[in-house]
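Colleague: the following block contains a protein sequence and its predicted model.
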Amino acid sequence: MGLSLALFGLASLPLAFERTCALSAPIPAELMSAGLALLTASSDAARKNAALFTDAAVRYPVLLECFDSADGLCKLLYPLRQVVLLLQAGGPAELRAVRQVAYHASRALLQYVRAHLVLHMASLQRRLRDSQAPLALPQPHKPLNTTAAVMDELIAALHTDAKLAEVFVRTRWPLLEQLSEQNLVGLLLDLIRALPGEERYYSDICLYSLEVLQLITLSPLPRRSIIASSSSSSSTTPPHGSNPQQRTGMGILLHAASTGNATPFYGLADPEVIATALHVICNCVTAPPSLAYLLPAPGSNSGTSAAAAAASVVVDKPIEAHQTPQRAELPTPAELTGPPALELGPSAVSSHGRPSLGDALEAGYAAARQTVRASNGIRVLLMLLQSRQHLAPAAADRVRALACTAILGLARDSSIRHILTKLQVGKLLAELVGEPVAPSAAGAGSSRRDMNAGADEAAQGAATGAVWQERFHRAALELIAIATSSTSGGAGRHEHRLSAAAATDAAAPALLKIERAAIAASTPITYQPPELLLLIYEHLKASGLHGAAASLAKEAGLASSKGQQQQQQ
């Protein structure tokens, strides 16, 4: 007990913690070993203090390396496995100590994944950076910045930087191998499914578990694990009030998105849980915009069974020229001379009969879309698209934008696109886009997802709400264009322009449409005489009056003028 209090006190003093990490080699490893040993202690207080220590320790690169070397992930997951077993067996999981230890362990797990993502992204950016650019060498005893704002910046970089996004999906992330060995995806899904919603600790554990899934599903391998986890909980008795459809991994995520792990104490659905679950679903069904150029066009025959059969080869086994080191280690002085060359463009094109990276990714997304459809996900997403009750304006805008993005990803499937057209989703979106914007309170955007949030984040609520409103409008217009176009998937460029114009017109407010009609009525339209005769000629020909059209063309000499216009075009 005394050792756990000492470790907790050390973790509470950042300056002392930094100086301890800067000591000689054996001391950080022994410190980390002592903390990991206490995670499986018999004392609840010792295990809670050890989890708090681990939460702070994994942000330091030197201790993170010691954590991985000592197989710390297995010990960190022990409290979470214990909670799942107690809940599934109907045991005394309501004990406060068990909830607290699991809560701090889930926080530490989220910090662990965040720290690895920061190091992995830094390694990829270092390889892509120009050799002449200065490179700051991170210090092992300094803590990494793992706040939620930094995670949002990394995700935004993957959504905007095509080279970074492509090399991210091509290279091997060593963390995923450790998570796969521990069956982390299945454990987190079981945890989300088994957790009751009547206690705040359980709601936070569910949120942290979903945030871990949001980060790791940026890579293709965990997405396939979610799709394949259809029978991970089939041997256990479903919790009270749940349906058998929740036994699938996607069904669990949809259930979390639809209910938000609502608690009777608060009486409201948790918008953070809903939004994070929607983030995971969006990662599974739609590619980031930076990778859109790699994917085949909707309705094409590129994403065939051959691509699905070779998806594991292309994604799981990266090309040798793009392999990363076994561990996301700190750069050595030799690496500072220049990053290795990366051949990104031509490697994404299929050759020798093998499917390309885009085909492999599209095969995974297509499988996820069918899983969402089989789990009644279309109804759930449409419900979230319309529901704004019991949610703050900023939270409702975020949920609506994410639900629309998920539906937009589902619409790449021709059968789902046909269903959306039959359900008149375009008409629904036109009504939603035309709704007046509710004023977003500054505090409505506050979030508890950031464990190291500053006091100035509450002032960013209105700006965040405006960003989500703009994202919803952009996704809604694109979805209206898809829903109002032909369902065959072979629409040409002219049809695409017409559908885009129809989407813009459908989303326009009624007053703006009246103004457009008034402007059009008061604007005189004049034609040049040859253009007017040519217009009459095309009208006569389209009406079946070929003789009159031929006489007009002969007398007015329209054939020569028409040929000149075609040559000019």
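Modeller: That came through fine.
Colleague: buried stuff in the helix or strand where residue 75 lies?
Modeller: In the assignment (DSSP states H and E), residue 75 maps to helix 72-76. For helix 72-76, a neighbour-count test (16 or more other C-beta atoms under 10 Å) marks 72-73, 75-76 as buried. Any C-beta I mention is one placed from the backbone N, CA and C, and that applies to glycine too.
Colleague: and if you look at stretch 176-187?
Modeller: So stretch 176-187, judged by 16+ other C-beta under 10 Å, has buried residues 176, 178-179, 183-187.
Colleague: in helices, which of those residues appear?
Modeller: Among the buried residues of stretch 176-187, the members found in helices (DSSP state H) are 176, 178-179, 184-187.
Colleague: so where is the stretch 401-550 of the chain shaky, pLDDT-wise?
Modeller: The model of the stretch 401-550 of the chain has pLDDT under 70 over residues 436-465, 485-518.
Colleague: to clarify, my last question referred to the stretch 101-250 of the chain.
Modeller: In the stretch 101-250 of the chain (pLDDT under 70), the answer is 130-138, 197-198, 230-246.
Colleague: could I get the full set of helices for it?
Modeller: Listed from the start of the chain, the stretch 101-250 of the chain has helices (DSSP state H, counting those that start in this stretch) covering 148-160, 162-170, 174-181, 184-194, 200-216, 220-228, 249-259.
Colleague: winner for burial among the ones you listed?
Modeller: With neighbours taken as mean count of other C-beta atoms under 10 Å, the helices of the stretch 101-250 of the chain reach their highest mean count in helix 249-259, at a mean of 25.
Colleague: need the contact partners of that one.
Modeller: When contacts are defined by C-beta atoms under 8 Å, 6 or more residues apart in numbering, helix 249-259 is touched by residues 185, 189, 192-193, 197, 206, 210, 213, 225-230, 232, 242, 245-246, 269, 273-274, 277-278, 280-281, 284, 368, 371-372, 375-377, 380, 383-384.
Colleague: angle of it against helix 200-216?
Modeller: Between helix 249-259 and helix 200-216, the angle comes out at 130 degrees (axes from the mean of the first three to the mean of the last three C-alpha atoms, to 10 degrees).
Colleague: helix 249-259: what's the following helix or strand?
Modeller: Note on helix 249-259: by DSSP H and E, the next helix or strand toward the C-terminus is helix 271-285.
Colleague: okay, the angle between that next one and helix 200-216?
Modeller: Helix 271-285 runs at 30 degrees relative to helix 200-216, counting by the same axes, to 10 degrees.
Colleague: returning to that earlier point: which one of the ones in helices among the buried residues of stretch 176-187 is nearest residue 66?
Modeller: Lowest distance from residue 66 to these (C-beta to C-beta) belongs to residue 178, with 14.4 Å.
Colleague: is it true that that closest one touches residue 73?
Modeller: Yes. Counting by C-beta atoms under 8 Å, residue 73 is a contact partner of residue 178 at 5.6 Å.
Colleague: and stretch 538-555, how far apart are its ends?
Modeller: 15 Å (C-alpha to C-alpha, to the nearest Å).
Colleague: and stretch 171-191, by the same measure?
Modeller: End-to-end distance of stretch 171-191 (C-alpha to C-alpha): 29 Å.
Colleague: hmm, who's touching whichever strand or helix holds residue 48?
Modeller: Using DSSP H and E, residue 48 sits within helix 44-57. Applying C-beta under 8 Å, 6+ apart, the external contacts of helix 44-57 come out as 1, 3-5, 7-8, 10-12, 17, 31-32, 35-36, 38-41, 63-64, 67, 72, 76, 79, 97-98, 100-101, 104-105, 107-108, 111-112, 451.
Colleague: give me the buried subset of these.
Modeller: 4, 7-8, 10-11, 17, 31-32, 35-36, 38-39, 63-64, 67, 72, 76, 79, 98, 100-101, 104-105, 107-108, 111-112.
Colleague: residue ranges with poor pLDDT in the stretch 251-400 of the chain?
Modeller: For the stretch 251-400 of the chain, the stretches with pLDDT under 70 are 260-268, 298-355, 388-390.
Colleague: the helices in the stretch 251-400 of the chain, which residues?
Modeller: Counting by DSSP H, counting those that start in this stretch, the helices of the stretch 251-400 of the chain are 271-285, 305-309, 311-316, 357-374, 377-386, 393-410.
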